[in-house]
Structures are given as C-alpha cells and as structure tokens.
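Enquirer: Turn this into a structure:
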Amino acid sequence: MKQKIIHLIDDESIIHDIFKRIFKDDDYTLIISENKSQARSNHTTDVDVVIMDLMIPGTSGIEIFKELQKVDPNIKVIFLTAFGTIESAIEAIKLGAVDYLQKPFNNVELKHKIERVIKERNVTKENIQLRKTLNQRFSYENIIGTSRMLRKTLNLVESVANTNSTILITGESGTGKELIAKAIYQNSNRRNNPFFSFNSSNIPSTLFESILFGHKKGAFTGAYSDKKGIFEEADSGTIFFDEIANLDYETQAKILRVLQEKEIQPLGGNKTMKVDVRILAATNVDLKEKVEANEFRDDLYYRLNIINIHLPPLRERKEDIPVLVDHFAEKYARENKRDIPKIDSKFIKILMDYNWPGNIRELENVVHRGVILSADNILNPQSLPPELQEKKGGNSKKGNFNERVDDFKRQLIIEALDHTDWIQKAAAEEMQLKPTTLSELMKRLNIQK
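Expert: I've put the predicted structure just below:
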C-alpha cells in the first residue's frame, strides 16, 4: 500500500511531537518544515496533504501557501489557527485551502480531516487518470465521467465502433447521444470519410426527401438545378439520425430501402444510384411503443436496432457529477478568459442531491451560469440558479410539495407498469386512467423502461 505523505509546516516543537505520535504508523510519512525555506525545499507534488500554521516566523502561512501553489496547483492544505486568526483562515479557504482547525485541536478530529482530504485527493487523481485513459481510447474529450455505467457504455462503443452495423442510441434528452455517435464514427474505419448529422425535429417533413436523397432540376417549384442529398454526399461515410422517431412514414420507407438495397433515387429522378453509408440513429422515446402504435415502421425498427446503446440519465450516474463540474468549469473559464474557479463542497452537494431532469445539458448550463456569475471566482451555493438554491439545507432529498407528489405518482406508475409487464394500456386500466393520460404522465415524469 502506498504511504500517505503529510507535510507539516509549523515552528513549534510541541506540535512536531504531537504529529509524530499521531502518525507514527508505517502507513504515514511525515515531513516537517519550520520556515518558508524548508517548506519550499521539502515540498513535492507527491505530498498528499499539507498541515500549516497561519503564523510562521518571518512570513505567514498564506504567503507560503501561495508560493507552494505555483509549483503544486493541486496542493491540499489544512491550516492550523490560534484564537483571533479565524478571519485569516477564511481568507485562506477563499484562496483554495480545503479546511482549517483551531488550536488546541482534537487529535481524533485532526486525523479524520487529514484522512478525508487524502481520500478526496486520491479520488481526484483516479478521475483524472481514468479521463485520460478514456480520451486516449476514444479520442473524444467531451465524453466525461468515470462511473461504472459510463465505462460499460464506452466498452460497448469500443467493441462496435469499427464495424459497419447500424446502431440505435437511446436515452433521455441531454444524456449525450450525439457525443456517443461521434465517438463511434471517430473510432470506426470510416473516420476519414464524411459524417453528417440530420435532426428531423428541426426540419419540416415536406423537405425530408429532398434533403436526404437530393432532387433533380424541375422536381418541384424552386428546384432550379440538380442538388445532391445527404446520402450521396455521405457516400462511404456515416449519417447520424438524431430523433429518428420524428421521421414521417414515407421517409422511413425510403431509408429502409437504403438499408436493404444500398441505393437511393433523387426526387424527380428516374434512376437509382448505389451508396455505401453507415447509419447511426438516436431517439429519446420508446420506438417499440411507436411501432405498437403504428407510428413507426416495425421493419425499419428491427433494421436499426441491431445494436442498442442505452445512455443512463444523469440521476443514475451521479458519481460522474464532480468530474463533469470540473470539466465544464474549466471549459467556460477558458472560453470567458477567466481563472478556473474553486469549487465549494456545498455547491457539489446540492448538485448531487438534485434529480437533473435535463441531464448533462442542464448541468452544463448550471455550471456555465455559475462561472459567469460567481463572486471571488468560487462556485458556491450562491452561484446556483434560484430553483437550486432553494434546495439548500437538505430539502432537495425530500423536495417541496409538488416534487414529493411527483415522486409518489412516479412510484405508483412504475409499480403498475411492472405489474403489467410494461404494457401501458393494461397499466392504464389498472390505475383507471386513459392511456393518453398515462403516456403524458410518463413523459413528464421521465419514466422509461
């Protein structure tokens, strides 16, 4: 087991003796410095935690802290304060110190604080290393997280990326379906060929056919010349259909033909042409239910759903929130030419307690707002939007009245769905609801199988 390295910076011999007694086990290495010169020469980036007195002869603990930060930006410092120096301790916290302890201190409390800081530092190191590993494997820096669920998803991405199979990516809005599609493309044998993204929710259905398959001159009013469609432009490459459930029935049939025959026919044309395109598709709805409601072709569904990659909502992978916050804070600080902000533990706690209906997209917006509005370059509860600030003090787990009612409704609906093997019509009958009412409730409450 790696030894825990503690650097004590204090000029009092009695404090030295106390630390030697507390940390005499083989688990610890204790480094002691009595002044600024020794502190500079003794400190290395291998040190897990620094314990430093605020009052150092010839200087101050804060001045030494600032110097050590220059050579070790990730330094973790707990300050020891005497009576009357609390204001200086608070100033140190604002500069990035992790905690402070008043003299005379309780030995058990001291050891507890040190162990907590070392544990947090090790987790941070692991997150950084895992992020580097994932980025090296997938060459896509915006897929952030270290949770077991995300790693399982990325392992599946890695195994299917270099094939020609169609892939259906499912998950709620804001979970990162397009990022996964791009990761698949970038790690495929088509990565040097074109990539096109088509979001049917942003385009009138009357334009689907022309945009996808192209048109010939005179095919319709305003078609003054031939125009290539996305399928022709993407030949030998990849097309990502975002929210594919929004495609009309006629366009679905033509995409099915491309998958089966590998050919297209431009609008107004009388000849077909061969194309070699890999299709990735994404949806935030249950396509199987769309098939049962005759709103999506079953033959196209089975063609698309050869491999399904499901992205879990953020509320099911909350251990990724601290890493995501670090990433977004650094990103938006850089974009706005600001120093990377310090992140208050209370800020993270509120985020961890929140349910995130908008998933990663919502979290990104919250952090972006915080970076812009934060005072003293610290992300703290006051940096949060009003609706999240109201959740301070533990209210977020219980929630206000409406949230608790929604939680109760969610529980009742899931129990009914489980009881009826997730057949919505049967569950609606069991709860004496109209099927349309149940469907709307499931959408609003983010209930998916």
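Enquirer: low-confidence ranges in this protein?
Expert: Scanning the chain for pLDDT under 70 picks out 1, 83-85, 127-142, 390-403, 449.
Enquirer: Tell me how it divides into domains.
Expert: 4-126, 159-310, 315-398, 401-444 (automatic domain parsing).
Enquirer: just so I know, which of the ones you listed lies nearest T146?
Expert: When these are compared by Cβ to Cβ, domain 315-398 sits nearest T146, at 5.9 Å. For the C-beta atoms, the positions are set from N, CA and C on the backbone; glycine is no exception.
Enquirer: circling back to that earlier point, out of the domains of the chain, which comes closest to S147?
Expert: domain 315-398 (4.2 Å).
Enquirer: chain center to the closest one, what's the gap?
Expert: Centroid displacement of domain 315-398 relative to its chain, using Cα atoms, centre = their mean, to the nearest Å, is 12 Å.
Enquirer: Also stretch 298-316?
Expert: So, by Cα atoms, centre = their mean, the centroid of stretch 298-316 is 20 Å from its chain's centroid.
Enquirer: how about the CA coordinates for that stretch, as PDB?
Expert: The C-alpha coordinates for stretch 298-316 follow below in PDB (Å, rounded to 0.1, in the frame of the first residue of the first chain):
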ATOM      1  CA  ASP A 298     -41.500  -2.300 -37.500                       C
ATOM      2  CA  ASP A 299     -39.300  -3.400 -40.300                       C
ATOM      3  CA  LEU A 300     -37.200  -0.200 -40.000                       C
ATOM      4  CA  TYR A 301     -37.100  -0.500 -36.300                       C
ATOM      5  CA  TYR A 302     -35.600  -4.000 -36.500                       C
ATOM      6  CA  ARG A 303     -33.100  -2.900 -39.100                       C
ATOM      7  CA  LEU A 304     -31.900   0.000 -36.800                       C
ATOM      8  CA  ASN A 305     -32.000  -1.900 -33.500                       C
ATOM      9  CA  ILE A 306     -29.300  -4.500 -34.400                       C
ATOM     10  CA  ILE A 307     -27.200  -3.000 -31.600                       C
ATOM     11  CA  ASN A 308     -28.700  -0.800 -29.000                       C
ATOM     12  CA  ILE A 309     -26.600   1.600 -26.900                       C
ATOM     13  CA  HIS A 310     -28.600   3.000 -24.000                       C
ATOM     14  CA  LEU A 311     -27.300   6.100 -22.100                       C
ATOM     15  CA  PRO A 312     -28.400   6.200 -18.500                       C
ATOM     16  CA  PRO A 313     -29.800   9.500 -17.200                       C
ATOM     17  CA  LEU A 314     -27.500  11.600 -15.000                       C
ATOM     18  CA  ARG A 315     -29.600  10.800 -11.900                       C
ATOM     19  CA  GLU A 316     -28.400   7.200 -12.300                       C
END
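Enquirer: let's have the chain start at 28 instead
Expert: From this message on, residue numbering opens at 28, which makes the last subject stretch 325-343.
Enquirer: Could you dump the domains of the chain into CSV with mean neighbour count added?
Expert: Output for the domains of the chain, formatted as CSV (neighbours: other Cβ atoms under 10 Å):
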stretch, mean neighbour count
domain 31-153, 16
domain 186-337, 17
domain 342-425, 17
domain 428-471, 14
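Enquirer: could these be laid out in TSV, adding distance to R178?
Expert: Putting the domains of the chain into TSV (distance: least, Cβ to Cβ, whole Å) gives the following:
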stretch	distance to R178
domain 31-153	12
domain 186-337	13
domain 342-425	10
domain 428-471	27
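Enquirer: Please name whichever of those domains is nearest to G172.
Expert: Nearest of the domains of the chain (Cβ to Cβ): domain 342-425, 3.5 Å.
Enquirer: follow-up on the earlier one: among the domains of the chain, which comes closest to M176?
Expert: domain 342-425 (4.8 Å).
Enquirer: Please, where are all the helices along the stretch 278-427 of the chain?
Expert: 314-319, 325-331, 348-362, 372-380, 386-400, 413-416, 422-425 (DSSP state H, counting those that start in this stretch).
Enquirer: mind putting those in CSV, distance to E290 included?
Expert: Shown next, in CSV, are these (distance: least, Cβ to Cβ, whole Å):
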stretch, distance to E290
helix 314-319, 25
helix 325-331, 15
helix 348-362, 43
helix 372-380, 50
helix 386-400, 37
helix 413-416, 52
helix 422-425, 54
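Enquirer: So which of these is nearest V125?
Expert: helix 372-380 (8.7 Å).
Enquirer: In terms of secondary structure, what does the closest one contact?
Expert: helix 348-362, helix 386-400, helix 413-416, helix 422-425 (3 or more Cβ pairs under 8 Å, 6 or more residues apart in numbering; DSSP states H and E).
Enquirer: go again using 10 Å as the cut-off
Expert: Applying 3 or more Cβ pairs under 10 Å, 6 or more residues apart in numbering; DSSP states H and E, we find helix 372-380 packed against helix 348-362, helix 386-400, strand 405-406, helix 413-416, helix 422-425.
Enquirer: So which elements touch the shortest one?
Expert: Think strand 405-406. Counting by 3+ Cβ pairs under 10 Å, 6+ apart, strand 405-406 packs on helix 113-122, strand 369-370, helix 372-380, helix 386-400.
Enquirer: for these, which one sits closest to T202?
Expert: Between the helices and strands packed on strand 405-406, helix 386-400 lies closest to T202; by Cβ to Cβ that is 4.8 Å.
Enquirer: angle of that closest one against helix 348-362?
Expert: Interaxial angle, helix 386-400 versus helix 348-362 (axes from the mean of the first three to the mean of the last three Cα atoms, to 10 degrees): 50 degrees.
Enquirer: just to revisit the earlier point, let's have the helices and strands packed on helix 372-380 in TSV, adding distance to E457.
Expert: Listed next are those as TSV, based on distance: least, Cβ to Cβ, whole Å:
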stretch	distance to E457
helix 348-362	36
helix 386-400	30
strand 405-406	46
helix 413-416	34
helix 422-425	28
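Enquirer: Out of these, flag the one nearest K140.
Expert: Across the helices and strands packed on helix 372-380, closest to K140 is helix 348-362 (Cβ to Cβ), at 19.3 Å.
Enquirer: got the CA coordinates for the closest one in CSV?
Expert: Extracted as CSV, the C-alpha positions of helix 348-362 are listed here (Å, rounded to 0.1, in the frame of the first residue of the first chain):
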residue,chain,number,x,y,z
ILE,A,348,-21.2,14.9,-11.4
PRO,A,349,-18.0,16.2,-9.7
VAL,A,350,-15.9,15.2,-12.8
LEU,A,351,-18.4,16.9,-15.1
VAL,A,352,-18.4,20.0,-13.0
ASP,A,353,-14.6,20.2,-13.2
HIS,A,354,-14.7,19.8,-16.9
PHE,A,355,-17.4,22.4,-17.5
ALA,A,356,-15.9,24.9,-15.1
GLU,A,357,-12.5,24.7,-16.8
LYS,A,358,-14.2,24.9,-20.3
TYR,A,359,-16.2,28.0,-19.6
ALA,A,360,-13.5,29.7,-17.6
ARG,A,361,-11.2,29.3,-20.6
GLU,A,362,-13.9,30.5,-23.1
